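K.L.:
Turn this into a model:
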Amino acid sequence: MKLEPLYIRDMAVAVAICTLPNALPQFLGWLYVITPLLPIYALLIHGQKNGTALVVRALFITAAILLVAGALKSMVFSVALMPLGFSVAKSAQAGHSAEAASFRGAIALIAGYLGLLLLGGWLTGTNPYHELQTGLDADMALLAENYINIGKAEGLPAETLNSLAAAFQQTRDVLPHFLPGILLATSLLQVWFVLGMGTLFMRRLAPGLIPWQDLRAWRLPDPVVWGFIAGIVAMLLPGQGFGVAGTNLLMVVSALYFLQGMGVISSLFNKWQVPRPLRALAYILFLVQGYGILVLIVTGVADVWADFRRPRGLKENPL
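P.N.:
Alright, predicted model coming up:
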């Protein structure tokens, strides 16, 4: 098989993106987040067969490089992210909506992470989830120690230092209970990020290959709001189990409505023709302030009834 220059170039880029975050995680670990973009680009530009072959070859070359570098174990994380990219690419090829693509992508990403847990446990003989909990607890303990030492150096009162230590200890105590919700919510945000970046990237290279035109219209099925309500009710019920379950559920659903709120705000900015610099400033303010994130979540929930963007009759069934 004679390889075209474009194919060779794209394979070289794919190998670099897969290799660098694993070989140099301290400096280039951020490249993990764009790993799912590889199969999206490969399958849409080179087709199903050649694109899949490109990704597989790139992974084999990466594995050989990391084996020599002694960093092969870390590659499993890159592999776990690939199903998300393949899912989004296949949704685009099938002409699915953005909502359907994100739903299928979330399932693929969760399946990839579950595979990572099983494979990690098999290779190391340990429970990766337990190892994650232990690592987070150790990081929190170290962070608490550093803050307390800084407080002592600044001459803070003993009462303030004790309150700070108690706050960190309380966080360490509750974190294991809420870790499932945190991980799932983070995964959903990651799916949306990949879908958005993939859409932006492919619309510049080959706009006709992406069936969904604008993520500003992305919205959840209306019944999802009952999950939000159920989470609040469970948190108000007596008993620790209800509170933990309700909090985890609320974190997951809130992440979804945060994304819907972002879509509403972006759509309104576009409708009002807000200049791009002001939009960027507004997004930064929303994201860096806790109240801004809460406003986006409330906006996303309110959109179920207010329908800020377009008549409901024009919306298609997302699934």
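
K.L.:
what about Phe258, which helix or strand?
P.N.:
Using DSSP states H and E, Phe258 maps to helix 240-271.

K.L.:
repeat for Asn50
P.N.:
helix 48-69.

K.L.:
Please apply the same query to Leu6.
P.N.:
Once you assign secondary structure using DSSP H and E, Leu6 falls within helix 5-23.

K.L.:
Does that helix pack against any helices or strands, and if so which?
P.N.:
Contact analysis of helix 5-23 by 3 or more C-beta pairs under 8 Å, 6 or more residues apart in numbering; DSSP states H and E lists helix 37-46, helix 48-69, helix 75-94 as its packing neighbours. Backbone N, C-alpha and C define where each C-beta goes, glycine included.

K.L.:
buried stuff in the second one?
P.N.:
Same thing as helix 48-69. Of all the residues in helix 48-69, those buried under the rule 16 or more other C-beta atoms under 10 Å are Gly51, Thr52, Ala53, Leu54, Val55, Ala58, Leu59, Ile61, Thr62, Ala63, Ile65, Leu66.

K.L.:
Test my guess that Met75 contacts Cys18.
P.N.:
Yes. In this structure, Met75 sits in contact with Cys18. The criterion is C-beta atoms under 8 Å, and the distance is 7.5 Å.

K.L.:
what is in contact with these two at once?
P.N.:
Common contacts of Met75 and Cys18, defined by C-beta atoms under 8 Å, 6 or more residues apart in numbering, comprise Leu59, Thr62.

K.L.:
When the two are compared, which one has more neighbours?
P.N.:
Applying other C-beta atoms under 10 Å to Met75 and Cys18 shows that Cys18 carries more neighbours, namely 27 against 20.

K.L.:
Which pLDDT does the model give that one?
P.N.:
Here the pLDDT value assigned to Cys18 is 94.

K.L.:
quick revisit: same list, the buried residues of helix 48-69, but as JSON lines with pLDDT and distance to Ala98 please.
P.N.:
Below are these laid out as JSON lines (pLDDT from 0 to 100; distance: C-beta to C-beta, whole Å):
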{"residue": "Gly51", "pLDDT": "94", "distance to Ala98": "21"}
{"residue": "Thr52", "pLDDT": "95", "distance to Ala98": "23"}
{"residue": "Ala53", "pLDDT": "94", "distance to Ala98": "28"}
{"residue": "Leu54", "pLDDT": "95", "distance to Ala98": "25"}
{"residue": "Val55", "pLDDT": "95", "distance to Ala98": "23"}
{"residue": "Ala58", "pLDDT": "95", "distance to Ala98": "27"}
{"residue": "Leu59", "pLDDT": "95", "distance to Ala98": "28"}
{"residue": "Ile61", "pLDDT": "96", "distance to Ala98": "33"}
{"residue": "Thr62", "pLDDT": "95", "distance to Ala98": "30"}
{"residue": "Ala63", "pLDDT": "94", "distance to Ala98": "33"}
{"residue": "Ile65", "pLDDT": "95", "distance to Ala98": "35"}
{"residue": "Leu66", "pLDDT": "94", "distance to Ala98": "34"}
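
K.L.:
out of those residues, who's nearest Gly263?
P.N.:
In terms of C-beta to C-beta, no member of those lies closer to Gly263 than Gly51, at 29.0 Å.

K.L.:
residues in contact with the closest one?
P.N.:
Gly51 makes contact with Pro39, Ala42, Leu43, Leu44, Ile45, Ala89, according to C-beta under 8 Å, 6+ apart.

K.L.:
how close does the spatially closest residue to the second one that is not a sequence neighbour sit to Leu183?
P.N.:
If you skip the residues right next to it in sequence, Ala42 has Gly51 as its closest partner in space, 3.7 Å away by C-beta to C-beta, 6 or more residues apart in numbering. As defined by C-beta to C-beta, to the nearest Å, Gly51 lies at a distance of 30 Å from Leu183.
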